[in-house]
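*Asks:* prediction below, plus the sequence it came from.
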Amino acid sequence: MTEKICKMTIFEAYGDIKSQLKEAQIEDYVFEAKQIIKYVTGYTNKEILLNYTESLTDFQKDCMEAVLKERLKRYPLQYILGFWDFYGRRYKVGPGVLIPRQDTEIVAETCIDLIKDIKNPKVLDLCAGTGCIGITLAAEKQDSLVTLAEKYPEPIAFLEENIKQNAPENAKLLKGDVFEKIGSDEKYDLIVSNPPYVKSDEIAKLQPEVRFEPVSALDGGADGLDFYRFIAKEYKNSLKPGGRLVFEIGFDGADAVKNILERSGYKNITVKKDYYENERVIFGTVD
């Protein structure tokens, strides 16, 4: 249990948080320590630098200790804070919804590039979760019409709030199951999905934080490819001629998903790496 700390400056608090997170073997301990200090103080990065000798109030110390206590149990920081940032916008998150990750920003960036020259593009975001991909497209390409499809009630609650908070009128929620071909009766310029892609027997081996996230957002079947196979085949006819299907993939999934797209008749299949040089995005085009 974290000890009570008296008369601690912001700088001292940051050092203490960083030390405890590092000792708990939390990988991004420096980044997370900064996020906790920002949350506790309400300061921006610049304001923290300008006020680092300022002492925390009793309330701020109590808040810091409460956050740190939960984080040291490896409960996800995003769930503790109740929000996370993605592509410059803030999203509400909590138990039951997949946490937005920086790796996924390259997926959104790729989609924006693919539709930038299309007038009034129609987009379908399957397995939308928090809505971070589809909402980003709607906000960045305001003449688009983006449909965000989600099945489960827990993420739907967050998705509804995130659409209200971040998206203009061109984003709409569609409730239903991907495997029931939700929204497939329309024709789209682009379909995007960050589907569950962890192999079923590997879920128990994931980082402790990830195991707090919903299994439904992680489990891609025995080989991790169930969603890719179904979406590539069953949603192909929902794309306009020249339309693109875009997937997020795991670090080792490019070859398998490329084979699925090739067998399903997609052309010009392209793989892109994320900011850490991992293969993260794959897309193909229909005739």
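*Replies:* Perfect, thanks for sending it. Predicted model, so just to flag it, every value in this text is computed and none were measured. Residues are numbered from 1 along each chain as shown.

*Asks:* could you give the number of residues near residue 267?
*Replies:* If you count neighbours by other CB atoms under 10 Å, residue 267 ends up with 11. All C-beta spots, glycine's among them, are computed from the backbone N, C-alpha and C.

*Asks:* how about the contacts made by it?
*Replies:* By CB atoms under 8 Å, 6 or more residues apart in numbering, the residues touching residue 267 are 284, 285, 286, 287.

*Asks:* from memory residue 21 sits against residue 31, does it?
*Replies:* No: using CB atoms under 8 Å, residue 21 is not in contact with residue 31; the gap is 9.6 Å.

*Asks:* so which of the contacts of residue 267 sit within helices?
*Replies:* Among these, no member falls in helices (DSSP state H).

*Asks:* more crowded one of residue 21 and residue 31?
*Replies:* residue 21 (22 against 13).

*Asks:* let's verify the more buried one: helix, strand, or coil?
*Replies:* helix (DSSP: H, G, I helix; E, B strand; the rest coil).

*Asks:* so it versus residue 274, what's the distance?
*Replies:* 24 Å (CB to CB, to the nearest Å).

*Asks:* how about residue 144?
*Replies:* From residue 144 to residue 274 the distance is 23 Å (CB to CB).

*Asks:* show me which of these two is the more surrounded one.
*Replies:* Neighbours per residue (other CB under 10 Å) separate residue 144 from residue 274, with residue 144 holding more: 25 against 19.

*Asks:* what's the distance between residue 242 and residue 269?
*Replies:* In terms of CB to CB, residue 242 sits 14 Å off from residue 269.

*Asks:* who has more neighbours, these two?
*Replies:* Using other CB under 10 Å, the more surrounded residue of residue 242 and residue 269 is residue 269, with 17 against 12.

*Asks:* show me what contacts the more buried one?
*Replies:* 258, 261, 262, 282, 283, 284.

*Asks:* please indicate which of those are buried?
*Replies:* 258, 261, 282, 283, 284 (16 or more other CB atoms under 10 Å).

*Asks:* mind listing what's buried along the helix or strand harbouring residue 59?
*Replies:* In the assignment (DSSP states H and E), residue 59 maps to helix 58-71. For helix 58-71, a neighbour-count test (16+ other CB under 10 Å) marks 60, 61, 63, 64, 65, 67, 68, 71 as buried.

*Asks:* with stretch 34-54 instead?
*Replies:* 34, 35, 36, 37, 39, 40, 41, 43, 48.

*Asks:* pull the CA atoms of it into PDB?
*Replies:* Taking C-alpha atoms only, stretch 34-54 is exported to PDB below (Å, rounded to 0.1, in the frame of the first residue of the first chain):
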ATOM      1  CA  LYS A  34       3.400  12.100 -16.500                       C
ATOM      2  CA  GLN A  35      -0.200  11.100 -17.200                       C
ATOM      3  CA  ILE A  36      -1.000  10.600 -13.500                       C
ATOM      4  CA  ILE A  37       0.600  14.000 -12.600                       C
ATOM      5  CA  LYS A  38      -1.400  15.700 -15.300                       C
ATOM      6  CA  TYR A  39      -4.600  14.000 -14.000                       C
ATOM      7  CA  VAL A  40      -3.900  14.900 -10.400                       C
ATOM      8  CA  THR A  41      -3.000  18.500 -10.900                       C
ATOM      9  CA  GLY A  42      -5.100  19.300 -14.000                       C
ATOM     10  CA  TYR A  43      -2.000  20.900 -15.500                       C
ATOM     11  CA  THR A  44      -0.700  20.600 -19.100                       C
ATOM     12  CA  ASN A  45       2.800  19.500 -19.700                       C
ATOM     13  CA  LYS A  46       3.900  23.200 -20.000                       C
ATOM     14  CA  GLU A  47       2.200  24.100 -16.800                       C
ATOM     15  CA  ILE A  48       3.800  21.200 -14.900                       C
ATOM     16  CA  LEU A  49       7.300  22.500 -16.000                       C
ATOM     17  CA  LEU A  50       6.400  26.000 -14.800                       C
ATOM     18  CA  ASN A  51       5.000  24.800 -11.500                       C
ATOM     19  CA  TYR A  52       7.100  21.800 -10.600                       C
ATOM     20  CA  THR A  53       8.100  23.200  -7.200                       C
ATOM     21  CA  GLU A  54       4.500  23.700  -6.200                       C
END
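
*Asks:* from the chain's centroid, how far away is it?
*Replies:* 25 Å (CA atoms, centre = their mean, to the nearest Å).

*Asks:* what's the average pLDDT for it?
*Replies:* For stretch 34-54, the mean pLDDT works out to 96.
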